[in-house]
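[1] Build me a model from this:
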Amino acid sequence: GVILSQCGGDVPVLQRAKVFIALQMVPLSVLTLTAIFLLESQWSYISSTALAFMMSVGLVGPVVNNLYMQPTEHIAGMAASLKQSSNLILRSLLSALSTQMTMRYFAQGLVFTQASCIAIAVLIFWFGFGVAAPQWANGDPKAKSELAESASQDVAEKPST
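    I've put the predicted structure just below:
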C-alpha cells in the first residue's frame, strides 16, 4: 500500500506493474548467483529466498491483483474465487516440483526452482499482457467505461436460473 501510493497517483496500474515486474530481475539474479556460487552458506540461501519472497509477494502481488480485478469489478466475487482456485492448483503443482528438485539436487535444486518460477512469471506477464495490453489497462477512461458498459449488457442479457 505505502509503496504503491508513493509511485504516483496518476500512474496507471499497468505502468506500475511493468516497473515491479522488471524489478523481479533483482531476486532472479540473486537466486541464480546464490545457486551457482554461494550455496555453501545457509545465510546466503535464507537471505536470497527472503529477498525473492518480499519482492514477489510484497511488490508484484498487490499490483497484479489490482490489474486482474479492474476489468472484472462487476463480477468481483466470481473473479476472486477463480483466481484463488487457480492459485491453489498452481501452488500445489509448484510444491510437487520443488519437492522433487530438492530431493534430487538439495538446496541448489530448490533455489533454481524458485528462480525458474520468477522467470516464468515474468515471461508470462510480458508476453501475455505487458507487451500488448488493452486500452483500459493503460488508464484510458473511455475504454474502461466501454468495458463496464459491455459487461453490464452481458449480465443483463443472461437469463437468471
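
[2] Tell me how far His74 lies from Asn65.
    Using CB to CB, to the nearest Å, one gets 17 Å for the distance from His74 to Asn65. Bear in mind the C-beta positions are built from the backbone N, C-alpha and C, glycine included.

[3] again but with Arg104, I slipped
    Arg104 sits 34 Å away from Asn65, taking CB to CB as the criterion.

[4] Have a look at those two and say which one is more surrounded.
    Just comparing Arg104 and Asn65: by other CB atoms under 10 Å the higher neighbour count belongs to Asn65, 14 against 9.

[5] Next up, the contacts around the more buried one.
    Residues counted as contacts of Asn65 (CB atoms under 8 Å, 6 or more residues apart in numbering) are Lys83.

[6] Quick check, pLDDT for it.
    Listed pLDDT for Asn65 reads 88.

[7] Would you mark the buried spots in the helix or strand where it lies?
    Here Asn65 sits within helix 61-69, counting by DSSP states H and E. By neighbour count on 16 or more other CB atoms under 10 Å, the buried set for helix 61-69 is 62-64, 67-68.
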